[in-house]
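Undergrad: Structural data only, the sequence is not supplied:
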């Protein structure tokens, strides 16, 4: 029974990565915003799902918008820094991530956050969605955003969506299957993972992790073969002796009967319980193999058991049928280049390699990875505004993994930073639709792009350029230039720089870094080693050299084998790399 009806300019349902960003951006723009979340933590993949070792948009030039602001907050709040794992440049305690989002929401008086609620029904008026009903209240709004983890509003509103694979005949995607087969039938979407956080108890003995139902150690045999136990644990190492367990190789990905997630509330609950049991069994296996030094972490997540994330890490959801669908061709590099083509209505950027998870299956995909800055990264691509808009429904936008995207391309568009960018753009669009009294499909896209580029708190990247840091004085000029002249967009992804100081923050970075002298070794075009000669305490150490800064990447590329180098950077002992932020010859 509805006891109260709230009214708002913008309603965001779902407090995941995209929904949280959308609500914050809409409120920052001035819209009266209501955010309704199922869980007590905001941030989704980045926090409540436990994936606090995010991938993608790691290069300095791509650390913009709310994603860049989130990283800045983490750097200030996370004791010991973010250099803790080898799978990502950023690993942090998920509790700190949740604190950041809660603080941001609390700072906005026009943003009302309601937690512990899920949508039950939607209100329609003709072809428009005008409200959402929850257990004992309803919200009506001018623009409604689906930020749920599995696209639940799409189903409730009967807005056309996709679930599962598309064949190659649909869009000509090179990695799509020619016919439906046992893989497409068994795994209609990518496997979710119930993340569990383990802890190093040192010399103490950790409490025993009990096996859950259906424990079968053979499922996990060989999980870290080829890596070694220490490297396996350091994959998702967090500060404070914690380990994020989100391991795809004979690990805790789980997709048995994954279609149950959208069949009913009961079947979804059954799947989630099985997924958590599977992760508990993996943790039990790890403890059995590596000893009682390792156990379940204590008091991480705000529920019982506290070592398990609040909900699974969903890699795929229902996917909108939108005005535009992002296909595999749209995320792959153009011939001879290292960037994808730009959508004319681009509103967000991603750069992650296309990555699919099906337990026990190696699924080949067209490569979109490049070596840059001394290690592998992904070729950048853009997300179009039109993939957020339903083909036939008004008053509605999506802002999560539920955008209009193919099953194949979802492997790259699903990552935390790009979803955060999608959410920010959706929130900005919703607020502007309220200002202009127009439908999302009628919003002038250039006005939206200009607003994102010019936001006074968290300006957001639209055109990916490797060598254009967001603090450069001509950043906005080059963004607008390539929006106006897409045919001039360089296939290298580098723009021609004007004269002047490209990196005005270099001195600050040097002050925060350590200085090393040593010998530079070129193992291949983009693989570098460094032997320390000074300071004495580090003499003889060998490090892989990596960087997130374009001008450092160029300098490393020009150095000679066995050249003497002085550099400033940060050591990641768990990845055995030096993250270089400034360097000099000799």
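TA: Perfect, I can see it now. Here the structure is a predicted model, which means the values were calculated and not measured.
Undergrad: pLDDT weak spots in the chain?
TA: Applying pLDDT under 70 to the chain picks out residues 1, 498-512, 585-586.
Undergrad: Where is the longest helix in it?
TA: Assignment by DSSP state H gives helix 265-290 as the longest helix of the chain.
Undergrad: which helices and strands does that one pack with?
TA: Under the contact definition 3 or more CB pairs under 8 Å, 6 or more residues apart in numbering; DSSP states H and E, helix 265-290 sits against strand 196-200, helix 229-234, strand 242-245, strand 294-296. C-beta: built from backbone N, CA, C; applies to glycine.
Undergrad: how far off strand 196-200 does that helix point, in degrees?
TA: Here the directions of helix 265-290 and strand 196-200 differ by 20 degrees (axes from the mean of the first three to the mean of the last three CA atoms, to 10 degrees).
Undergrad: What residues of helix 265-290 count as buried?
TA: 271-272, 274-287 (16 or more other CB atoms under 10 Å).
Undergrad: From the helices and strands packed on helix 265-290, pick the one with the highest average neighbour count.
TA: strand 242-245 (a mean of 25; mean count of other CB atoms under 10 Å).
Undergrad: how far does that one sit from the chain's center?
TA: 18 Å (CA atoms, centre = their mean, to the nearest Å).
Undergrad: Give me the residue at the spatial middle of the protein.
TA: residue 416 (1.2 Å; CA atoms, centre = their mean).
Undergrad: The residue nearest to it when sequence neighbours are not counted - how many residues pack around it?
TA: Closest residue to residue 416 apart from its sequence neighbours, by CB to CB, 6 or more residues apart in numbering: residue 54 at 4.1 Å. Using other CB atoms under 10 Å, residue 54 has 26 neighbouring residues.
Undergrad: Ok, residue 113 next?
TA: Using other CB under 10 Å, residue 113 is surrounded by 20 other residues.
Undergrad: Tell me which helix or strand it sits in.
TA: strand 111-115 (DSSP states H and E).
Undergrad: Show me what that strand packs onto, helices and strands only.
TA: Helices and strands touching strand 111-115, as assessed by 3+ CB pairs under 8 Å, 6+ apart, comprise helix 17-29, strand 33-37.
Undergrad: quick one: buried residues of the first one?
TA: Within helix 17-29, the residues that qualify as buried by neighbour count (16+ other CB under 10 Å) are 17-29.
Undergrad: what distance separates it from the centre of its chain?
TA: Using CA atoms, centre = their mean, the offset of helix 17-29 from its chain centre is 16 Å.
Undergrad: name the helices or strands packed onto that helix?
TA: Using 3+ CB pairs under 8 Å, 6+ apart: helix 17-29 touches strand 4-13, strand 33-37, helix 65-77, helix 94-106, strand 111-115, helix 416-436.
Undergrad: Report the angle between the very next helix or strand once past the fifth one and strand 4-13.
TA: From strand 111-115 onward toward the C-terminus, using DSSP H and E, the following helix or strand is strand 121-125. Here strand 121-125 runs at an angle of 90 degrees relative to strand 4-13 (the same axes, to 10 degrees).
Undergrad: picking up where we left off before, A helix includes the residue nearest to residue 416, no?
TA: No - counting by DSSP: H, G, I helix; E, B strand; the rest coil, residue 54 falls outside a helix, being coil.
Undergrad: Can you tell me how far it is from residue 47?
TA: 10 Å (CB to CB, to the nearest Å).
Undergrad: can you pull the contacts of the nearest residue to residue 359 once chain neighbours are set aside?
TA: Once flanking residues are discounted, residue 359 sits nearest to residue 253: 5.0 Å by CB to CB, 6+ apart. Applying CB atoms under 8 Å, 6 or more residues apart in numbering, we find residue 253 in contact with 191-193, 247, 357, 359.
Undergrad: Including neighbour count, secondary structure and distance to residue 546, could those go into JSON lines?
TA: Putting the contacts of residue 253 into JSON lines (neighbours: other CB atoms under 10 Å; DSSP: H, G, I helix; E, B strand; the rest coil; distance: CB to CB, whole Å) gives the following:
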{"residue": "191", "neighbour count": "24", "secondary structure": "coil", "distance to residue 546": "29"}
{"residue": "192", "neighbour count": "26", "secondary structure": "coil", "distance to residue 546": "30"}
{"residue": "193", "neighbour count": "29", "secondary structure": "strand", "distance to residue 546": "26"}
{"residue": "247", "neighbour count": "24", "secondary structure": "coil", "distance to residue 546": "23"}
{"residue": "357", "neighbour count": "20", "secondary structure": "coil", "distance to residue 546": "25"}
{"residue": "359", "neighbour count": "19", "secondary structure": "coil", "distance to residue 546": "31"}
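Undergrad: sorry, back to before: identify the residues contacting the residue nearest to residue 416.
TA: Contacts of residue 54 by CB under 8 Å, 6+ apart are 45-46, 88, 90, 415-417.
Undergrad: Whichever of those end up buried, select them in PyMOL.
TA: Per 16+ other CB under 10 Å, the buried members of the contacts of residue 54 correspond to this PyMOL selection:
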select buried, resi 45+46+88+90+415+416+417
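Undergrad: now the contacts of residue 54 as a markdown table including distance to residue 558?
TA: A markdown table is the format used below for the contacts of residue 54 (distance: CB to CB, whole Å):
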| residue | distance to residue 558 |
| --- | --- |
| 45 | 38 |
| 46 | 36 |
| 88 | 28 |
| 90 | 28 |
| 415 | 31 |
| 416 | 33 |
| 417 | 29 |
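Undergrad: Pick out whichever of the contacts of residue 54 sits closest to residue 473.
TA: residue 417 (24.6 Å; CB to CB).
Undergrad: neighbours around the residue nearest to that closest one when sequence neighbours are not counted, how many?
TA: Of all residues not flanking residue 417 in the chain, residue 57 sits nearest, at 3.4 Å (CB to CB, 6+ apart). By other CB under 10 Å, 30 other residues sit near residue 57.
Undergrad: was I right about residue 57 contacting residue 350?
TA: Yes - under the criterion of CB atoms under 8 Å, residue 57 makes contact with residue 350 at 6.6 Å.
Undergrad: Which residues are in contact with each of those two?
TA: 415, 417-418, 421.
Undergrad: In TSV, list the residues you listed along with distance to residue 396.
TA: As requested, those are exported to TSV (distance: CB to CB, whole Å):
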residue	distance to residue 396
415	24
417	24
418	21
421	20
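Undergrad: Let me see the contact set for residue 244.
TA: Residue 244 touches 50-53, 85, 91, 195, 197, 236-238, counting by CB under 8 Å, 6+ apart.
Undergrad: same thing but at 6 Å, please
TA: Residue 244 sits next to 53, 236, 238 when contact means CB atoms under 6 Å, 6 or more residues apart in numbering.
Undergrad: From residue 192, how far off is the closest residue to residue 261 other than its chain neighbours?
TA: Take residue 261 and drop its neighbours on the chain: the residue closest to it by CB to CB, 6+ apart is residue 268, 5.2 Å away. In this view, residue 268 and residue 192 are 11 Å apart by CB to CB.
Undergrad: and what of residue 291?
TA: Residue 291 is 29 Å from residue 192, by CB to CB.
Undergrad: do the same with residue 419
TA: Residue 419 is 15 Å from residue 192, by CB to CB.
Undergrad: can you check residue 280 too?
TA: 15 Å.
Undergrad: in terms of contact, does residue 2 touch residue 140 like I think?
TA: No - counting by CB atoms under 6 Å, residue 2 stays clear of residue 140, with 11.1 Å between them.
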